[in-house]
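Asker: Below are the sequence and a predicted model; questions follow.
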Amino acid sequence: MSKIMFTGGGSAGHVTVNLALMPLFLEEGWSVEYAGSAAGIEKDLVGALPEVKYFQISTGKLRRYFDIQNVKDPFKVAKGVYEAYRLIKKRKPQVVFSKGGFVSVPVVIGAWLNKVPVIIHESDITPGLANRISIPMASVVCTTFPETAEQMNTDKSRYVGAVVRKELHQGNADRGRDFCGFQRNQFVLLIMGGSLGARKINETVRSALPTLLKYFQVVHICGKGQLDPNLDIPGYRQYEYINDELPDVLAMADLVVSRAGSNSIFEFLSLRKPMLLIPLSRQQSRGDQILNAQSFEKAGYCKVLEEEELDGDTLFSGVMDVFKSRKEIVENMRSNPSSDALSTVFRLIKETADNK
């Protein structure tokens, strides 16, 4: 039986592409395994697929700033490399697919040491630190933006476009309204704070609720541990995460407020959901979300609100700007050339495994 091992984690964005690909391999009879951290979000998300065996490895976080944990984490990474090497030697996958995030680095090194081919997927315009470390050990690097492949200037790179989960296109707006208890005659605003860096967005949304609720029903995905139990307002629903019902919630949404992580914004683009993007600032990240947002704004798919300017008034103003421009934004989205990136990556992985 053919076998593939996936890795990636730390945030939902480092797992969603894996979640889109794994069912395709299961349908073709492959043995599918996952190497991730003990406590990361990837463990919870992959747990929804009981056919996938999950293996825990040690990992440290790759930080760009001073932290006392920086002293300990190299030892955790080294331990993770040893564990990944032993795991891959024992499990013998034909190929490893990495979505990135700090948990992926030991797995990629372990695969390389075992001479198992690695395929990497990079969603953002500029590769993240984990992928930059891993790229020299990879056989193929799939990119979402054409600019990324051009910048890398290597035969390894393949521009494939955005990998979007098929099930997102199977949502039903009426089911979404029933799930949230919303009326059918009022516009719906979906706010996705995300799993990381969500606190400021969540606080600002709650401060702006009295004004937003005059115009919209609001469904707010605020991230783990960030619910406000004191808020029980008609027309407002808050959730840590939405998994099975997400396609229905997306189907009912008229516009979206979100960070500018590549996987999410390409999903909104494929569903033609007008967006207000609030990218992580350069103080919180390497600036990849700013570049993603700028690219989408230039194409006319969104409006952008910088985090430094974020407050209740600017959030409301930005939302209304998107709402008034929504027909024009949707028209721009319709002209976006669609690609079947999911099938392309699926084929590339199988070809790489066959050529081992």
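Answerer: All right, it came through fine. Residues are numbered from 1 along each chain as shown.

Asker: so what's Tyr159 up against?
Answerer: Each residue near Tyr159 by C-beta atoms under 8 Å, 6 or more residues apart in numbering is listed here: Thr143, Phe145, Pro146, Thr148, Ala149. (Each C-beta comes from the backbone N, C-alpha and C, glycine too.)

Asker: which of those residues lies closest to Val95?
Answerer: Closest approach to Val95 among those (C-beta to C-beta): Thr143, at 18.4 Å.

Asker: For the closest residue to that closest one other than its chain neighbours, which residues are in contact?
Answerer: Nearest residue to Thr143, sequence neighbours excluded (C-beta to C-beta, 6 or more residues apart in numbering): Ala149, at 4.6 Å. Contacts for Ala149 (C-beta under 8 Å, 6+ apart) come out as Thr143, Ser157, Arg158, Tyr159.

Asker: same deal with Ala353?
Answerer: Ala353 makes contacts with Ser2, Ile4, Gln94, Val95, Pro117, as judged by C-beta under 8 Å, 6+ apart.

Asker: mind checking the SS state of the residue lying closest to Glu307 once chain neighbours are set aside?
Answerer: Closest residue in space to Glu307, ignoring its immediate chain neighbours: Ser281 at 4.6 Å, by C-beta to C-beta, 6+ apart. Per DSSP: H, G, I helix; E, B strand; the rest coil, the local secondary structure of Ser281 is coil.

Asker: number of nearby residues for Ser281?
Answerer: 16 (other C-beta atoms under 10 Å).

Asker: Just to check, it is in contact with Glu308?
Answerer: Yes - between Ser281 and Glu308 there is a contact under C-beta atoms under 8 Å: 6.4 Å.

Asker: which other residues reach stretch 263-274?
Answerer: So stretch 263-274 is contacted by 13, 16-17, 123, 144, 162-165, 168-169, 190, 192, 194, 250-251, 253-256, 258, 275, 277, 292-293, 296, 301-302, 322-323, 325-326, 329-330, 333-334, 336, 338 (C-beta under 8 Å, 6+ apart).

Asker: Give me the distance between Ser134 and Gly13.
Answerer: 16 Å (C-beta to C-beta, to the nearest Å).

Asker: any low-confidence regions in this structure?
Answerer: 60-73, 153, 194-197, 283-286 (pLDDT under 70).

Asker: Could you pull out the helices in it for me?
Answerer: Using DSSP state H, the helices of the chain run over residues 16-27, 41-46, 69-91, 104-113, 129-134, 146-152, 173-180, 199-212, 246-252, 262-271, 288-299, 312-324, 326-334, 341-354.

Asker: what's the angle between the first one and helix 341-354?
Answerer: Right, the one you point to is helix 16-27. Using axes from the mean of the first three to the mean of the last three C-alpha atoms, to 10 degrees, the inter-axis angle of helix 16-27 relative to helix 341-354 is 60 degrees.

Asker: Can you list the buried residues in helix 16-27?
Answerer: Within helix 16-27, the residues scored as buried using 16 or more other C-beta atoms under 10 Å are Thr16, Val17, Asn18, Leu19, Ala20, Leu21, Met22, Pro23, Leu24, Phe25.
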